[in-house]
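Q: Here is a sequence with its predicted model. Questions after.
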Amino acid sequence: MRHYTVPAPTGLSLWHDVSLHVENWLDEEVTGVYHYVNEMPRGCLQKFEVMTKDVGNVISEDPKGSDRLLEFGQPVPFNYGCFPQTFRDPHDVDEISGAGGDNDPLDVVDLCTETV
């Protein structure tokens, strides 16, 4: 199983500085097309995430999450990440589920067949 390392910090906040909306060459939003920040490559057994409380919101490994993935024993079958410039407010309770947000950006599951 491949072992991944976190990307080097760039000085760019992957949560705040990456645009949510894709724009065309005229700087116009492309309707329904969004950027996402990939935190965990398909096939990995490590838990990575954008650190919302760290300076620059770098991606770091979550050792407890990695331990849980190893215990599960199956690599993640999809690319996993988050939408930049979004936030799941814990005080904003969903009418259907009754659950609040998780105090993080909105999660993304990328079901493409390639590892990102």
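A: Perfect, I can see it now.
Q: for the residue sitting furthest away from the middle of the chain, what are its contacts?
A: In the chain, the residue that sits farthest from the middle, by C-alpha atoms, centre = their mean, is residue 26; the gap is 27.5 Å. Applying C-beta atoms under 8 Å, 6 or more residues apart in numbering to residue 26 gives no contacts. Yep, even glycine has a C-beta here, placed from its N, CA and C like the rest.
Q: part of a strand, is it?
A: No - counting by DSSP: H, G, I helix; E, B strand; the rest coil, residue 26 falls outside a strand, being coil.
Q: so where do the helices sit in the protein?
A: Under the criterion DSSP state H, the chain contains helices at 63-72.
Q: any idea how far the one residue sitting closest to the centre of the chain is from residue 15?
A: Nearest to the mean C-alpha position of the chain, by C-alpha atoms, centre = their mean, lies residue 81 at 2.3 Å. Distance of residue 81 to residue 15, computed by C-beta to C-beta, to the nearest Å: 11 Å.
Q: so what sits against both of the two?
A: By C-beta under 8 Å, 6+ apart, residue 81 and residue 15 have these common neighbours: residue 37.
Q: Look at residue 83 and say how many residues are nearby.
A: The burial count assigned to residue 83 is 17, neighbours taken as other C-beta atoms under 10 Å.
Q: do residue 17 as well
A: A count of nearby residues for residue 17, using other C-beta under 10 Å, gives 13.
Q: Kindly report the same for residue 57.
A: 22.
Q: okay but it is in contact with residue 39, surely?
A: No - counting by C-beta atoms under 8 Å, residue 39 is not a contact partner of residue 57; they are 11.1 Å apart.
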